[in-house]
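**Q** For reference, the sequence and a predicted model appear below.
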Amino acid sequence: MENVIEKNKFDFLYRKIFKRLRLGFLLTVTILICLTANLCMASNLKVSDPIIFDAQQTDKFLSAVKDHLGQMNSLRANFVQERHMLVFEEPLKAEGILYYKAPGNLRWELTKPFSSVLLYVNGKVSKIVKNGAENRQLDIGSQELMRQIIGMIVGWMQGELDQSREYFNLEISRDQNYRVQLLPKAEALQKMIHSIELIMDVENYHIRKVIIKEPRGDRIEIRYLKEQWNLELLDDLFKP
Amino acid sequence: MICLNPDKEHLFTKIGLLHRCLMLLISLTSLVGCTSVRLELPEKIRVGKVNEIKDWLPTPYAFESEQIRLVQRIILSVPHREMDMTGYLVLKHNGDWLALVLVDMGMELFRFEKRNGELRVLAAPQGLPQKPLLDGVVKDIDYLFGSKNPVSTFGSYSDELPRQQWIQYDKSHFDEYIFETESKHPNKSREFIQNRLIRSVRYEDYRFDSLKKTIVPHRIVLKNHRWHYEMEINLYQVEQLTK
């Protein structure tokens, strides 16, 4: 009996940890979607005085996203990720490259401080860690719940951004840049994320920065560099 | 005082390897509790000086006078699952430390600290019970990188080279370090409390650390026998902090 109780505690502990890991992945893909969405905005917005989008404009924006995302075949972008924390003077830095290939293949590759790759291909999630020339594919365990989440995310990537409103309130504004704020609705999510903010260039509407603000005052900033659209991406990039 | 069971010790000598393999098998297949492995001492041991342990401990960062930060990749393996994380470990000159564990996108998974000698969980996924964290990962970190305050140390030597070293904290709490090569740096260690094996560690890939001016292991593999997981820690960077 004691063994059973301990084993249940053990399973509970790791399920909790994996839920948090799935949240991290969900955010990864959410931001990728938002990155792709700025293409759609480019064709619908004009630069003028600062404005906050009303419900109608937001609906129009989401509709535009749906119309345009189908035209995107691929994306490659470098990213620099900085975590600003109250406990450190200098931010914690990481760098990497992301690749997306329609209709739903994703590669999120970290290059610094070390190499690791998160892959989502044909509904299957894989994680590969690199150590020199050695590649090691991690056994990330049962994927059923992760598949369900990513299934929804892939829907977003195909233009179904409306689904994000189930989890986030969207606030879109414009000053020197376009700013898209995603505010979590669920209390549980609010305890981890205050907001996700996308800063976009007014000239070409490319996203320049993503800011994830946390309730305690820490924040994560991700800058995208050298975005390249509709490249011919090798299939090997999406192989474990 | 080491609690050795003379009968068991005799049995080990008689049956030798077979018995040890059986014990290992039992330990690997056990679902709960620590591995019951008795600490065995050779006949000849030499008492050492407590203040000299920093000369051979594999991760002697706690003896630094400055505050430093280690950047690590952590791979946690539990049955049928593996996860990788980024670890930032700040070690303070008074022996306290702060550990941050991040996942993809820089999201914080855990934040632990040792402050004024007290181990604490500062951040963890909501609803996660703290006891297994404190008893598991937090104590693992403190075991590997925290300051040590033993009451005594002793070792066994071969041609003046250390083969094993022990650190004693109280009458039933010991760390054992095993030196498999002709080096003053250990390859393995084990922690015993009340004759139970709590955690065992392999230290690999020793390389020069310009900050410490000595070699330190860049790969550490810790097995926690109480909570049945394995944690691989790869060291990528050692930085000196001003704050």
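**A** Done, it's in.
**Q** Establish whether the host helix or strand of A:Q181 and chain B are in contact.
**A** Assigned by DSSP states H and E, A:Q181 belongs to strand A:178-184. No. If you take C-beta under 8 Å from any C-beta of the partner chain as the test, strand A:178-184 misses chain B, and the best it gets is 13.3 Å. C-beta: built from backbone N, CA, C; applies to glycine.
**Q** Quick one: mean pLDDT for that strand?
**A** Strand A:178-184 carries an average pLDDT of 83.
**Q** tell me which strands and helices that strand is in contact with?
**A** helix A:2-42, strand A:168-174, strand A:195-200 (3 or more C-beta pairs under 8 Å, 6 or more residues apart in numbering or on different chains; DSSP states H and E).
**Q** Could you identify the helix or strand that succeeds the shortest one?
**A** Past strand A:195-200, heading to the C-terminal end, the next element that is a helix or strand (DSSP H and E) is strand A:207-213.
**Q** Pass me the low-pLDDT residue ranges in the chain, would you?
**A** Picking chain A for this. A:1-50, A:65-66, A:68-70, A:141-163, A:202-206 (pLDDT under 70).
**Q** nope, chain B
**A** B:1-39, B:212, B:243.
**Q** Which other helices and strands does the lengthiest strand in it contact?
**A** In chain B, with assignment by DSSP state E, the single longest strand is strand B:196-209. Under the contact definition 3+ C-beta pairs under 8 Å, 6+ apart, strand B:196-209 sits against helix B:139-145, strand B:188-193, strand B:214-224.
**Q** Let's see that with 7 Å instead.
**A** strand B:188-193, strand B:214-224 (3 or more C-beta pairs under 7 Å, 6 or more residues apart in numbering or on different chains; DSSP states H and E).
**Q** Can you point out the buried residues in it?
**A** B:196-203, B:206, B:209 (16 or more other C-beta atoms under 10 Å in any protein chain shown).
**Q** Other residues contacting that strand?
**A** B:34-37, B:58, B:140, B:143, B:185-192, B:215-226, B:238 (C-beta atoms under 7 Å, 6 or more residues apart in numbering or on different chains).
**Q** before we move on, what about stretch B:67-85?
**A** A:14, A:21, A:113-114, A:116, A:127, A:129, A:138-141, B:61, B:86-93, B:101-103, B:109, B:211, B:229-241.
**Q** Mark which of these are part of strands, please.
**A** Short answer: those in strands (DSSP E) are A:116, A:127, A:129, A:138, B:86-91, B:101-102, B:109, B:229-240.
**Q** What subset of those residues is buried?
**A** A:116, A:127, A:129, A:138, B:86-91, B:101-102, B:109, B:229, B:231-235, B:238.
**Q** How many neighbouring residues does the residue of chain B found nearest chain A have?
**A** Nearest residue of chain B to chain A: B:R81, at 3.5 Å (C-beta to the nearest C-beta). Number of residues near B:R81 (other C-beta atoms under 10 Å in any protein chain shown) recorded here: 18.
**Q** Show me what it is bridged to.
**A** B:V78 (DSSP bridges).
**Q** got it, and B:V121?
**A** Assigned bridge partners for B:V121, using DSSP bridges, are B:F112.
**Q** A:I211 now?
**A** Counting by DSSP bridges, the residues bridging with A:I211 are A:E197, A:E221.
**Q** got it, and B:E191?
**A** B:D175, B:R199.
**Q** Near it, how many other residues are there?
**A** Neighbourhood size, B:E191 [other C-beta under 10 Å]: 24.
**Q** I figured it was touching B:Y177, is that so?
**A** No. Judged on C-beta atoms under 7 Å, B:E191 makes no contact with B:Y177 at a distance of 10.3 Å.
**Q** quick one, what contacts residue 113?
**A** By default, I'm working from chain A. A:94, B:71, B:86, B:236-237.
**Q** try chain B instead
**A** Contacts of B:E113 (C-beta under 7 Å, 6+ apart): B:97-98, B:120, B:122.
**Q** List just the nearest of those residues to A:A64.
**A** Nearest to A:A64 among the contacts of B:E113, counting by C-beta to C-beta, is B:L122 at 43.0 Å.
**Q** does B:E52 count as helix, strand or coil?
**A** helix (DSSP: H, G, I helix; E, B strand; the rest coil).
**Q** Which residue, other than its chain neighbours, is closest to it?
**A** B:T153 (7.6 Å; C-beta to C-beta, 6 or more residues apart in numbering or on different chains).
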